[in-house]
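>>> Predicted model follows, preceded by the sequence.
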Amino acid sequence: MGPFYNLLAVLSMMAGVFIPYKLATQHHKVGNVNSMLKQKIALIVISATALGMIVRVAVMSVTNYFALPQSAPIGLSIPTPDTVAILPLIAVFNASVAFYTVPIGIGIAAAITSRFKLK
């Protein structure tokens, strides 16, 4: 189930990243989106990182609460009280992963799009 947990974590984080991007670009024409993104890059990075962290932590906390007490291969047979005790540590891990991967990913995407013109 490890790959499934990872997929769920990444998809939930990407959903959180997509929402600020979509809100920032919804009223702009395709040709003006790149210039608008350059002007508001700091705001987009901060909001995408924050929402990516929040969504990832929320989804994975709920998933771990229900999955970890299950027997293998779904969970680890951890008793529910112990699962509740370790959820804050898992939340810190999930938040820290989103905290550094989202800004790095946006930075790489911005660097690539500034060097190539997409038609």
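Arrived safely. Every value quoted in this text rests on a predicted model; they were computed, and no experiment measured them.
>>> Can you tell me how far Gly2 is from Leu76?
11 Å (CB to CB, to the nearest Å). C-betas here are computed from N, CA, C, even on glycine.
>>> Give me the more crowded residue out of those two.
Leu76 (15 against 7; other CB atoms under 10 Å).
>>> So the more buried one sits against Asn64, correct?
No - Leu76 lies out of contact with Asn64 (CB atoms under 8 Å); the separation is 9.8 Å.
>>> Spell out the secondary structure type for Gln70.
Following DSSP: H, G, I helix; E, B strand; the rest coil, Gln70 is assigned to coil.
>>> Does it touch Pro79 like I think?
No - using CB under 8 Å, Gln70 is not in contact with Pro79, being 11.5 Å away.
>>> Which one's more surrounded, these two?
Neighbours per residue (other CB under 10 Å) separate Gln70 from Pro79, with Gln70 holding more: 13 against 10.
>>> Please, which helix or strand holds the residue lying closest to that one once chain neighbours are set aside?
What sits nearest to Gln70 in space, not counting adjacent residues and going by CB to CB, 6 or more residues apart in numbering, is Ser77, at 7.3 Å. In the assignment (DSSP states H and E), Ser77 maps to no helix and no strand.
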